[in-house]
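K.L.:
Below are the sequence and a predicted model; questions follow.
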Amino acid sequence: MFDYVRILCLRYSYRDLVNQYWRNYYRSQSEFTKIDVDFPITTIREGIKEAAMKQQLRKDRILEILEETGFVSIDELVELFDVTPQTVRRDLNQLADSGHLVRHHGGAGIESSTQNTAYNTRQTQGTSAKNAIAKMVARDIPDGSSLFINIGTTTEAIARELLQKEALKVVTNNLHVASILSQREDFQVIIAGGEVRHSDGGIIGEATVDLIRQFQMDFAIIGISGIQADGTLLDFDYREVKVAQAIIANSRRVMLCTDSSKFGRSAMVRLGTLEQIDDLYTDDCPGGEYPELIKSYGVQLHCPQSS
């Protein structure tokens, strides 16, 4: 009996457990009716105490993960702790209410508006999400197209997917993208000049902007660090932003590619607004006010649910 009640307590709140017990007892519709109505309330209390200890251990581990990675998704925590998504959301919401983290669509992170997560960490974060985005973007790039590709781990995933295409002409300020695409002999790859940013291989500066302005490309494939609820696009490095703005201004079709954790995320440099974007690619269709906002700007939303 105790083991059965203890397991229930680990997965549900005390109030939920008691309410469900009496609801099913009176309706005689579930396994709860097999429990003697006189089982001691102390049994539930012991289970609740153990559940509280488990919850605290989960919260401590969530904060440890965020210290290491800067962001964690609900799906990752569900798999790690073997609990329901509702349980994870409750843990995250409580930690957010106490100021320990910031909730994002599909997960949570430690917020900083002045400094991005380390590149090595971003490389290993959300790989399935980036791969899903990459497949959708590559599907919409015809063979023989010309395109800009800027800085970011999502754009690097897209570059790998673009290896399936033919005869692309690419201008990039991302050393990693150039290295990936140079594997194809039928691709023409031009690297923008400028200062190489040691943290992630991005190329920035006035020389980079000058070279970008010499081209008019079919597509721009760009990433972003944050999308605000009013449609503002944000990033961390004003020099990177200047390059991205030049890319947008010199492209016929702008494709913004970002995983769902960027909705609501803050950064200190304003890049522009959704009004400048033609297509938005993400791994999970955003909720709340975002669908109507995106539609109001005339942006085409691409996510696995809508494909």
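P.N.:
Yes, it's here. Note that this is a predicted model, so its numbers are computed, not measured.
K.L.:
list the contacts for the residue lying closest to Arg184 once chain neighbours are set aside?
P.N.:
Take Arg184 and drop its neighbours on the chain: the residue closest to it by C-beta to C-beta, 6 or more residues apart in numbering is Leu163, 6.1 Å away. Every residue, glycine included, has its C-beta placed from N, CA and C. Contact analysis of Leu163 by C-beta atoms under 8 Å, 6 or more residues apart in numbering lists 180-181, 183-184.
K.L.:
Now render those as TSV, adding secondary structure.
P.N.:
Putting these into TSV (DSSP: H, G, I helix; E, B strand; the rest coil) gives the following:
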residue	secondary structure
Ile180	helix
Leu181	helix
Gln183	coil
Arg184	coil
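K.L.:
Which members of those are classed as buried?
P.N.:
Buried residues within the contacts of Leu163, counting neighbours by 16 or more other C-beta atoms under 10 Å: 180-181, 184.
K.L.:
what residues are up against Ser98?
P.N.:
Taking C-beta under 8 Å, 6+ apart, one finds nothing in contact with Ser98.
K.L.:
From Gly205, how far off is it?
P.N.:
Distance, Ser98 to Gly205, by C-beta to C-beta, to the nearest Å: 42 Å.
K.L.:
Quick check, Gly223 in contact with Glu156.
P.N.:
No - when contacts are counted by C-beta atoms under 8 Å, Gly223 is not listed as touching Glu156 (9.3 Å).
K.L.:
list the buried ones in the helix or strand containing Ser128?
P.N.:
Following DSSP states H and E, the helix or strand that holds Ser128 is helix 127-139. Of the residues in helix 127-139, 129-130, 132-138 count as buried by neighbour count, 16+ other C-beta under 10 Å.
K.L.:
residue ranges of the helices in the protein, please?
P.N.:
In the chain, the helices defined using DSSP state H lie at 2-11, 14-27, 41-69, 74-81, 85-97, 119-124, 127-139, 153-162, 175-181, 206-212, 238-249, 290-296.
K.L.:
Switch the ones you listed over to JSON lines; also include mean pLDDT and distance to Asp230.
P.N.:
Listed next are the helices of the chain as JSON lines, based on pLDDT from 0 to 100; distance: least, C-beta to C-beta, whole Å:
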{"stretch": "helix 2-11", "mean pLDDT": "46", "distance to Asp230": "39"}
{"stretch": "helix 14-27", "mean pLDDT": "51", "distance to Asp230": "37"}
{"stretch": "helix 41-69", "mean pLDDT": "75", "distance to Asp230": "26"}
{"stretch": "helix 74-81", "mean pLDDT": "90", "distance to Asp230": "25"}
{"stretch": "helix 85-97", "mean pLDDT": "89", "distance to Asp230": "21"}
{"stretch": "helix 119-124", "mean pLDDT": "58", "distance to Asp230": "25"}
{"stretch": "helix 127-139", "mean pLDDT": "93", "distance to Asp230": "23"}
{"stretch": "helix 153-162", "mean pLDDT": "95", "distance to Asp230": "23"}
{"stretch": "helix 175-181", "mean pLDDT": "96", "distance to Asp230": "30"}
{"stretch": "helix 206-212", "mean pLDDT": "96", "distance to Asp230": "26"}
{"stretch": "helix 238-249", "mean pLDDT": "94", "distance to Asp230": "18"}
{"stretch": "helix 290-296", "mean pLDDT": "93", "distance to Asp230": "8"}
